[in-house]
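[1] Let's see this in three dimensions:
(one chain, ligands or ions: 2)
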Amino acid sequence: MASNTASVTVFHGAVINPVNLSLYDALPSALLCVASSGEILWIEQNVPDSMVQDVMARNGHILDDTVNFVQLKRGEFLMPGFIDTHTHAPQVPNIGSGGEHELLDWLAEVTFPMEARFSDVEFSRKTYRAVVRRIIDSGTTTCCYYGTIHLEGTKALADVVHEFGQRAFVGKCNMDRNSSEDYVEPSPTASIDATRDLITYIRTLPLLPASPSGARTNGGTRDPDPRALVHPIITPRFAITCTAPLLSGLGKLAAADPTLHIQTHISENKSEVVFTKSLFPECTGYADVYDKAGLLRDNTILAHAVHLTDDEMDVIKKRGAGISHCPTSNFNLRSGVSRVGEMLDRGIKVGLGTDVSGGFSPSVLTAIQHASIASKIVAMQSDSEPPLSPSKPRPSWHSIPFAKKQLPIPTLLHLATLGGAQVCNMASYTGSFAPGKFFDALLVNVREEAGNPSVWGVDVDEVLGVGRGKGEEEELKGMLEKFLFCGDDRNIARVYVHGKVIGGKEWKA
Ligand code: GUN
Ligand code: FE
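    Ligands and ions are numbered 1, 2, ... in the order given. Next up, the predicted model:
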């Protein structure tokens, strides 16, 4: 039972843990210990009920009231929380609207008018409270948010995220041209000054208590400070809405502080690429616009990247920038199908983005489903032998490049968790479970219970036994796959960030 004096929380039960692009651990009976600081202290695999006390004792804990012991039930498992590497908080009220447009018309007709409303700080605060709550309850433990051009409204977004306890980047959009009259900044200087103000504001939000072990105190690396939940991020919306002086000014701001992250859109839509090239004729292409401004580096997050040339992929890899793959949005706005497999083969960092409201779902689960379908489209169009043709001898799955096969479950899981953490340069402390990392996790429940739909359509006990012959590990992998493709927020019982429950179906304010 929960105890107010608990010094550690110990979970016993099924755990899913991503390892790399091709592998994850499915541990049917793990024991995982989290300190009150939110840090994972230790993980033990294969611990039957009868051995729980012994294994805890071996790790220096006795099962008394200083331990908050959580026994997971059949049909429940822990997994790392989702990392949404690209979304727009002020567009959540627009979800499901305007899908008949392509990007540039959609921005002008649907998106900019809604974002303009966030000049009203009270409207911003109220809307963002609903938005962030919904995103947390969808299982997103780390989120890369775009706000609007408004400084005060975007401060309100940072406040809400901080208050609700989500790990996040929050950026104020920079836009000094090619928007509507009521939704554009008056000059590059005004845009840069407001960005500076937001950075200062976010950096003065209270920090988390230092970790007692001191394991994660950012020992001189450029990772975002792990004691801060909310981080500022420079957010030139995209090249079209930024003049060259604005982009170079933001580049200077970034150069003065190598720890600052940068997020923007790149090569999402063919008309956008053509327009961008016409605005920056001196540049060799879209990526070069950002590169020349000093905005392409190892803490830059580039959303979409649907129409990149090979040379652009080369420069992105060289600079160490990461890609946010936003397949729901890419389908919904008819932008195209991103060559994610090729980026993975090249060793480019890739995570998933919901890109609300280009994407019509705030849930990373939907992005996973569409990433799978996008990769199947690419694989179907590739000239390689169908890798899964049962009648033909085939090379080992692992020897087939990602570009030529549908993304398998371990890869989809990786993109949604550890891959996203790599894109955010946070993989040293989130994205998977390991001693010294923070416990950013979901308690998933796939059984029919208290309004949760079973992901099988019938109760878990009716069907889990069917796969029992394959062993508990395979059974757990089946549960994960069902959750990823058939689950929703009703199956997310608890959302933990930094060891603390901040949302989920069981959470109450
Ligand atoms: N490009 C510039 N702004 C946006 C936006 O808000 N959404 C998407 N999908 N693409 C953009
Ligand atoms: Fe976007």
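[2] okay, now whichever residue of the chain sits closest to ligand 1: neighbour count?
    Ligand 1 sits closest to G358 of the chain, with a gap of 3.1 Å, by C-beta to the nearest ligand atom. (C-beta placed from N, C-alpha, C; glycine too.) When neighbours are defined as other C-beta atoms under 10 Å, G358 has 33 of them.
[3] now the one 5 residues further on
    Per other C-beta under 10 Å, the neighbour tally for S363 reads 24.
[4] how far away is it from F112?
    Per C-beta to C-beta, to the nearest Å, S363 is found 25 Å from F112.
[5] One more: F11?
    Distance from F11 to F112, by C-beta to C-beta: 45 Å.
[6] The two - which one has more neighbours?
    F11 (24 against 19).
[7] and the more buried one, what are its bridge partners?
    L32, V70 (DSSP bridges).
[8] residue contacts, the nearest residue to T66 once chain neighbours are set aside?
    Taking C-beta to C-beta, 6 or more residues apart in numbering, and ignoring the residues beside it in sequence, T66 has S7 as its nearest neighbour in space, at 4.7 Å. Applying C-beta atoms under 8 Å, 6 or more residues apart in numbering, we find S7 in contact with 35-36, 66-67.
[9] Just the pLDDT for S7.
    pLDDT recorded at S7 is 88.
[10] How much space separates it from F69?
    From S7 to F69 the distance is 12 Å (C-beta to C-beta).
[11] isn't the residue of the chain closest to ligand 1 right up against C326?
    Yes - applying C-beta atoms under 8 Å as the test, G358 and C326 come out as touching, 6.9 Å apart.
[12] residues from this protein in reach of ligand 1?
    88, 103, 107, 111, 237-238, 265, 268, 329, 355, 358 (C-beta under 6 Å from any ligand atom).
[13] repeat that for 8 Å
    88, 91, 103, 106-107, 111, 115, 146, 173, 237-238, 240-241, 265, 268-269, 272, 303-304, 326, 329, 333, 335, 355, 357-359 (C-beta under 8 Å from any ligand atom).
[14] Show me those that map onto helices.
    103, 106, 115, 272, 329 (DSSP state H).
[15] Which pLDDT value goes with the fourth one?
    pLDDT, E272: 98.
[16] How about the contacts made by it?
    Residues 103-104, 238, 240 are the ones in contact with E272 under the rule C-beta under 8 Å, 6+ apart.
[17] Where does S372 fall, secondary structure wise?
    helix 364-381 (DSSP states H and E).
[18] So for the helix or strand of the chain with the lowest mean pLDDT, what gets flagged as buried?
    Sorted by mean pLDDT, DSSP states H and E, the helices and strands of the chain end with helix 460-463, the least confident at a mean of 70. Neighbour-count burial for helix 460-463, with 16 or more other C-beta atoms under 10 Å as criterion, is recorded at 460, 463.
[19] what do you get for stretch 309-326?
    By 16+ other C-beta under 10 Å, the buried positions in stretch 309-326 come out as 312-313, 315-316, 319, 321-326.
[20] From these, which land in strands?
    Under the assignment DSSP state E, these contribute 322-325 to strands.
[21] Phi first, then psi, for V15.
    phi -130, psi 130 (degrees, to the nearest 10).
[22] Please report the distance of M56 from I409.
    Taking C-beta to C-beta, one finds M56 at 32 Å from I409.
[23] ok, these two, which is more surrounded?
    M56 (22 against 15).
[24] what secondary structure does that one sit in?
    helix (DSSP: H, G, I helix; E, B strand; the rest coil).
[25] from now on call the first residue 43
    Happy to do that; since the first residue is 43 now, the last one works out to M98.
[26] List the single closest residue to it in space, sequence neighbours excluded.
    M98's closest residue in space is L105 (C-beta to C-beta, 6+ apart), at 6.0 Å.
[27] now swap in L289 and tell me
    Nearest one to L289, counting by C-beta to C-beta, 6+ apart, is A335 at 3.9 Å.
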